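In: mind folding the following:
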Amino acid sequence: MTDEEREIAMEKALKAMTAFSNKYTENTGTFYCSDKSIPAVVIKGLAEHKVTLGAPLCPCRFYEDKEKEAKEGYWNCPCVPMRERHECHCMLFLTEDNDFVGEETNISYDEVKNLSGGMSG
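Out: Have a look, this model is predicted:
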């Protein structure tokens, strides 16, 4: 993949993961962190994994083999702990009782881009 192709793929993935995250907060009654740079960086990490691995593998964990984990799907966002118990290791999707919960359920593409340090990963 050329640098230009990667940049186009990242922009597309970042927009898709931002839209997904906004819809997921809406559907699950969860919120973003009061410090919106947290969800911005996580969303960027998910987009980077979508481009490099073909799946939105959780960017907040260590993996011996990222490709294997992405194929297995357990840690692909939303991960099994989030789907089953509303437990998000990344602090992307927070429940009302979390100490860091904010009031926002929406983050814009521009916020994600700006708060996460830009496009290149």
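In: show me the longest helix that occurs in this protein.
Out: The single longest helix within the chain, with elements called by DSSP state H, is helix 3-28.
In: any buried residues in that one, and which?
Out: Residues 6, 9-10, 13-14, 16-18, 20-22, 24-25, 28 are the ones in helix 3-28 that count as buried (16 or more other C-beta atoms under 10 Å). For the C-beta atoms, the positions are set from N, CA and C on the backbone; glycine is no exception.
In: next one: stretch 52-60
Out: In stretch 52-60, counting by 16+ other C-beta under 10 Å, buried: Thr52, Leu53, Ala55, Pro56, Leu57, Cys58, Pro59, Cys60.
In: of the buried residues of helix 3-28, which is the nearest to Glu103?
Out: The shortest approach to Glu103 among those belongs to Thr25, at 11.2 Å (C-beta to C-beta).
In: so the closest one makes contact with Phe93?
Out: Yes: using C-beta atoms under 8 Å, Thr25 is in contact with Phe93, at 6.2 Å.
In: now do the shared contacts for those two.
Out: Here Thr25 and Phe93 have Phe31, Tyr32 as joint contacts, going by C-beta atoms under 8 Å, 6 or more residues apart in numbering.
In: hmm, back to that, filter the buried residues of stretch 52-60 down to the ones in strands?
Out: Using DSSP state E, no member of these falls in strands.
In: those into a markdown table, with extra columns for distance to Cys77 and pLDDT?
Out: Putting the buried residues of stretch 52-60 into a markdown table (distance: C-beta to C-beta, whole Å; pLDDT from 0 to 100) gives the following:
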| residue | distance to Cys77 | pLDDT |
| --- | --- | --- |
| Thr52 | 14 | 96 |
| Leu53 | 12 | 97 |
| Ala55 | 9 | 97 |
| Pro56 | 4 | 98 |
| Leu57 | 8 | 98 |
| Cys58 | 6 | 97 |
| Pro59 | 9 | 97 |
| Cys60 | 10 | 95 |
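In: cool, thanks, talk later.
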